[in-house]
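A.B. asks: Provided below for reference: sequence and predicted model.
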Amino acid sequence: MTKKDIQILLVEDNKSDAMLTIRALKKHNLANNLIHLIDGAQALDFIFGKGDFEGRDIENKPKVIFLDLKMPKVSGLEVLKIIKKDERTKLIPVVMMTSSKEESDIVESHKLGVNSYVVKPVDFDNFSKIIAELGFYWLVVNNPPNL
Amino acid sequence: MGKRNNSDELVIANKKLIFEDKEKQKRAAELAIANKELIFQTKEKQKRAAELVIANKELVFQTKEKKKRADELLIANKELVFQNEEKEKRALELIIANKEIAYQTELAKHAAELEAVNKELESFTYSVSHDLRAPLRAINGFTKVFLEDYRAQFDEDAKEILEEIIVNSKKMGELIDNLLEFSHVGKKHVSMVIIDMQELISCVIKELKQQDPHRTISFDIKKLHNIKGDKNMMKQVFINLLSNAVKYTSKIPRACIEIGSSNSNGFCTYYVKDNGAGFDMRYYDKLFGVFQRLHSSNEFEGTGVGLAIIQKIISKHNGKVWAQGKVDEGACFYISMPNIKQ
């Protein structure tokens, strides 16, 4: 664990998507202090300092969470629901990343208070561009409240 | 002597009288007995007569009772016949009701089956949208990464092969997107508003010009009647129609696209006419089919979903779509739907 502030928490079970996401962020120098976790259960343990992450300073909050919607064990929607319900974590921006354009997912995510909902394009140029824009926006442009 | 005779005669007469008297007494006694007997018999007869009168009365009463009972039975019988008829009628009604219930049950079963199929289809669509796009993204992405990171080590041939992988994975992504779009059109709810067609068409043309600024196309816009429909859907219809016209005129020097409309018989008919590649009317029945194309993708790009989407949208608006075309002379597409007064 780095002692530096965590910038991005990437929760993504698909190895390829994770590699491509990290590559796109790195290319734009946005992948410093990025943490990659591979499912929702791990993400919740990390965020709330439980399980494998027992004792982690939970005040060290990521500037943004890139959350994949469809994951084994605990889905992105469930993680989102828990984060947005908890006073300690509800202000952390969450970007839902998904392959799906399904209306129900979009509506449900917004109802749960997602900050962005992004459909990952198949074309890597577009994918890379969107990831870079998201990273840039949440890490550089956006002014967060004091978390 | 005479006296003796007389006296004898008298004795005899006396005796005779006595005898006669006795006889008479006997007769009287007999008569008295007979009389008594007669009296008795008369009394008996009177008694019997009285009994007969009573018996007669009883019979009359019984006859009346029987008649009354018969009448009652007749009424009861009629009642039974009526009840029987009612029961038969009721039975018939019950049979009909039963059939109706059976039919309803069948319908409910059918509806449940349809719902299950629909759910399955939805989860299939969901899976397609989620699970098929992810590996494609990896193929497309890593091929690009490969090409980017090792470009110096590839000769032209190798680069071309990698470019083909990239182009095809992208194409498959588009196919999946279009398929999803097509399936979503069917599920969408139509919200009817009056659409300013002047505005809609000029907006679509502006977008198309921006996508391909190098093309010079002459747009001939005739009278555009306003229509009633779902604005987003109708915009999709005209994006598809006009982008087709733009695409299929891309190989001729002077592209002309004409748009117009007319109102008649309660219907508003729009047409989009171009002087492009056209199509062979022999294959007309394939024109509006999903993933059906009348041109190869080497000639003109496309996935074959655009016209299918148009048809689906227009049928949701209770309208019709048809077309006319001739190879190398252009095509004209028509859509017709109930006008705003309907």
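C.D. replies: Here it is on my side, so go on. Residues are numbered from 1 along each chain as shown, chains lettered A, B, ... in the order given.

A.B. asks: the residue in the stretch 101-250 of chain B that chain A sits nearest to - how many residues pack around it?
C.D. replies: Closest approach between the stretch 101-250 of chain B and chain A, counting by Cβ to the nearest Cβ: B:Gly173, at 2.9 Å. All C-beta atoms are positioned from the backbone trio N, CA, C, and that covers glycine. A count of neighbours around B:Gly173, defined by other Cβ atoms under 10 Å in any protein chain shown, yields 20.

A.B. asks: what strand or helix carries the spatially most central residue of chain B?
C.D. replies: Ranked by distance to the mean C-alpha position of chain B (Cα atoms, centre = their mean), the top residue is B:Leu107 at 7.9 Å. When elements are assigned from DSSP states H and E, B:Leu107 belongs to helix B:2-127.

A.B. asks: how far is that helix from where the chain is centred?
C.D. replies: Computed by Cα atoms, centre = their mean, to the nearest Å, the chain-centroid distance of helix B:2-127 equals 62 Å.

A.B. asks: need the next SSE after it, C-terminal direction.
C.D. replies: Past helix B:2-127, the next helix or strand by DSSP H and E is helix B:133-150.

A.B. asks: identify each buried residue in that following helix, please.
C.D. replies: B:133-145, B:147 (16 or more other Cβ atoms under 10 Å in any protein chain shown).

A.B. asks: ok, these vs B:Phe238, which is closest?
C.D. replies: Distances from B:Phe238 to the buried residues of helix B:133-150, taken as Cβ to Cβ, are shortest for B:Arg133 (27.9 Å).

A.B. asks: tell me how many other residues crowd the closest residue to that closest one other than its chain neighbours.
C.D. replies: Spatial nearest neighbour of B:Arg133, excluding adjacent residues (Cβ to Cβ, 6 or more residues apart in numbering or on different chains): A:Ser99 at 4.3 Å. When neighbours are counted by other Cβ under 10 Å, A:Ser99 registers 25.

A.B. asks: surely A:Ser99 touches A:Lys70?
C.D. replies: Yes: because the distance of 7.4 Å satisfies Cβ atoms under 8 Å, A:Ser99 is recorded as touching A:Lys70.

A.B. asks: give me the common contacts of those two.
C.D. replies: Shared contacts of A:Ser99 and A:Lys70, defined by Cβ atoms under 8 Å, 6 or more residues apart in numbering or on different chains, are found at B:His130.

A.B. asks: can I get the buried residues of helix B:133-150 in JSON lines including distance to A:Val122 and pLDDT?
C.D. replies: Shown next, in JSON lines, are the buried residues of helix B:133-150 (distance: Cβ to Cβ, whole Å; pLDDT from 0 to 100):
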{"residue": "B:Arg133", "distance to A:Val122": "6", "pLDDT": "86"}
{"residue": "B:Ala134", "distance to A:Val122": "9", "pLDDT": "87"}
{"residue": "B:Pro135", "distance to A:Val122": "10", "pLDDT": "90"}
{"residue": "B:Leu136", "distance to A:Val122": "5", "pLDDT": "90"}
{"residue": "B:Arg137", "distance to A:Val122": "5", "pLDDT": "91"}
{"residue": "B:Ala138", "distance to A:Val122": "10", "pLDDT": "93"}
{"residue": "B:Ile139", "distance to A:Val122": "9", "pLDDT": "95"}
{"residue": "B:Asn140", "distance to A:Val122": "6", "pLDDT": "94"}
{"residue": "B:Gly141", "distance to A:Val122": "9", "pLDDT": "94"}
{"residue": "B:Phe142", "distance to A:Val122": "12", "pLDDT": "95"}
{"residue": "B:Thr143", "distance to A:Val122": "12", "pLDDT": "95"}
{"residue": "B:Lys144", "distance to A:Val122": "11", "pLDDT": "94"}
{"residue": "B:Val145", "distance to A:Val122": "15", "pLDDT": "93"}
{"residue": "B:Leu147", "distance to A:Val122": "16", "pLDDT": "93"}
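
A.B. asks: okay if I get these as CSV plus distance to B:His184?
C.D. replies: Output for the buried residues of helix B:133-150, formatted as CSV (distance: Cβ to Cβ, whole Å):
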residue, distance to B:His184
B:Arg133, 15
B:Ala134, 20
B:Pro135, 22
B:Leu136, 19
B:Arg137, 20
B:Ala138, 25
B:Ile139, 25
B:Asn140, 23
B:Gly141, 26
B:Phe142, 29
B:Thr143, 29
B:Lys144, 29
B:Val145, 32
B:Leu147, 34
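
A.B. asks: looking at the residues you listed, which is nearest A:Phe46?
C.D. replies: B:Ala134 (23.3 Å).

A.B. asks: what sits against the closest one?
C.D. replies: B:Ala134 neighbours (Cβ under 8 Å, 6+ apart): A:14, A:16-17, A:99, A:120.
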